[in-house]
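A.B. asks: dropping the sequence and predicted coords here.
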Amino acid sequence: MHTKAKGNLAEDKGCEYLRQHGYRIVDRNVYNRFGEIDIIAIRDNVLHFVEVKSATTYEQAVNNITPSKLQKLGRTIQFYLQKKKLNSDYCIDALIVSDNVVELIENITL
């Protein structure tokens, strides 16, 4: 299976997980000049920008969330919020998909 197909499968699993836990999916695979946002969801009037990471092990997936990736994601989110003229509470979450296990890590920070 190609990397893009694996990523899409992980995002599909992630979206299903989020829906089952009370999130409403707003958008997926949002691109702008700064980067990509995998999933944008909302729950309790808070926007959640979700970075999906998948690997064969949990540790591999978590280690793919680097400080430079978080900085790039932060710039991508700021551009998205400005473009959409949104001024709402938000947080950045990571969704780890490994070995048929999905785990949400809420409010990861720079």
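C.D. replies: Right, received. Where do you want to start? No experiment lies behind these values; they were computed from the predicted model shown. Numbers count the residues shown, from 1 in each chain.
A.B. asks: from here on, contacts and neighbour counts on C-alpha atoms
C.D. replies: OK.
A.B. asks: any stretches of this structure with poor pLDDT?
C.D. replies: Residue ranges of the chain with pLDDT under 70: 1-2, 110.
A.B. asks: which residues of it fall in strands?
C.D. replies: Taking DSSP state E to define them, one finds strands in the chain at 24-32, 35-43, 46-55, 90-98, 101-105.
A.B. asks: ok, and what's touching the fourth one?
C.D. replies: What it means is strand 90-98. Contact with strand 90-98 is made by 10, 13-14, 46-58, 61-62, 102-109, as judged by CA atoms under 8 Å, 6 or more residues apart in numbering.
A.B. asks: with the second one instead?
C.D. replies: Contacts of strand 35-43 with the rest of the structure, by CA under 8 Å, 6+ apart, involve 11, 15, 22-31, 47-52, 72-73, 76-77.
A.B. asks: how close does residue 95 get to residue 84?
C.D. replies: Residue 95 sits at a distance of 24 Å from residue 84 (criterion: CA to CA, to the nearest Å).
A.B. asks: do the same with residue 24
C.D. replies: 18 Å.
A.B. asks: between those two, who's got more neighbours?
C.D. replies: Each of residue 24 and residue 84 has its neighbours counted (other CA atoms under 10 Å); residue 24 has more, 17 against 9.
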